[in-house]
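Q: Predicted model and sequence follow; I will ask about them next.
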Amino acid sequence: MIDVVFLLIIFFLVSSHMAKQENHLPLDLPAASTYKVNETLSKRMTINITREGKVQVGTATDEKNRLARLLVKHQSQHEGSAAVRIRTDKTVAYGVVEPLLRDIASAGIVDITFAVHEGK
């Protein structure tokens, strides 16, 4: 029984560390004059788009087919209340983001937010 408890502790430590890493990828986020703070962290998947246009989920660079499957799985796990947050460098062209938005919509996810920082 103690072994199981230790394994659970290790699992949660590793998974929380990976969740924190996806939010700390150094990106120059676009500025926004207005924004809303989103508090629903547990049902939200964070997708990062680097300056080079590479899509990352968690700490791994993602391929298009795998990402589509992850989005469908995320939607089914959260029974219609799934959310996606997109963190992208402000220099990334919309042509890179648009296919991602199509994949998210195709998975049936409608709660999509973009990470920004407060502009002056």
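A: Arrived safely.
Q: Past the helix or strand of the chain with the lowest mean pLDDT, which element shows up next along the chain?
A: Within the chain, confidence by mean pLDDT, DSSP states H and E is lowest for strand 31-32 among all helices and strands, at a mean of 62. Scanning forward in sequence from strand 31-32 by DSSP states H and E, the next helix or strand is strand 44-49.
Q: That next one - which strands sit beside it in the sheet, and in what orientation?
A: Note on strand 44-49: by DSSP bridges, its sheet partners are strand 55-57 (antiparallel), strand 83-88 (parallel).
Q: Deepest in the core, which of these is it.
A: strand 83-88 (a mean of 21; mean count of other CB atoms under 10 Å). Bear in mind the C-beta positions are built from the backbone N, C-alpha and C, glycine included.
Q: Distance to V4 for the strands paired with strand 44-49 - can I get that in CSV?
A: What follows is these, written out as CSV (distance: least, CB to CB, whole Å):
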stretch, distance to V4
strand 55-57, 29
strand 83-88, 31
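Q: okay, the ones you listed in JSON lines with distance to V5 and mean pLDDT next?
A: Shown next, in JSON lines, are these (distance: least, CB to CB, whole Å; pLDDT from 0 to 100):
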{"stretch": "strand 55-57", "distance to V5": "29", "mean pLDDT": "83"}
{"stretch": "strand 83-88", "distance to V5": "31", "mean pLDDT": "86"}
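Q: and L67, which of those is closest to it?
A: Closest approach to L67 among those is made by strand 55-57 (6.3 Å; CB to CB).
Q: Out of the strands paired with strand 44-49, which is closest to K43?
A: strand 83-88 (5.4 Å).
Q: Could you point out the helix or strand that follows the closest one?
A: Next along from strand 83-88, by DSSP H and E: helix 94-106.
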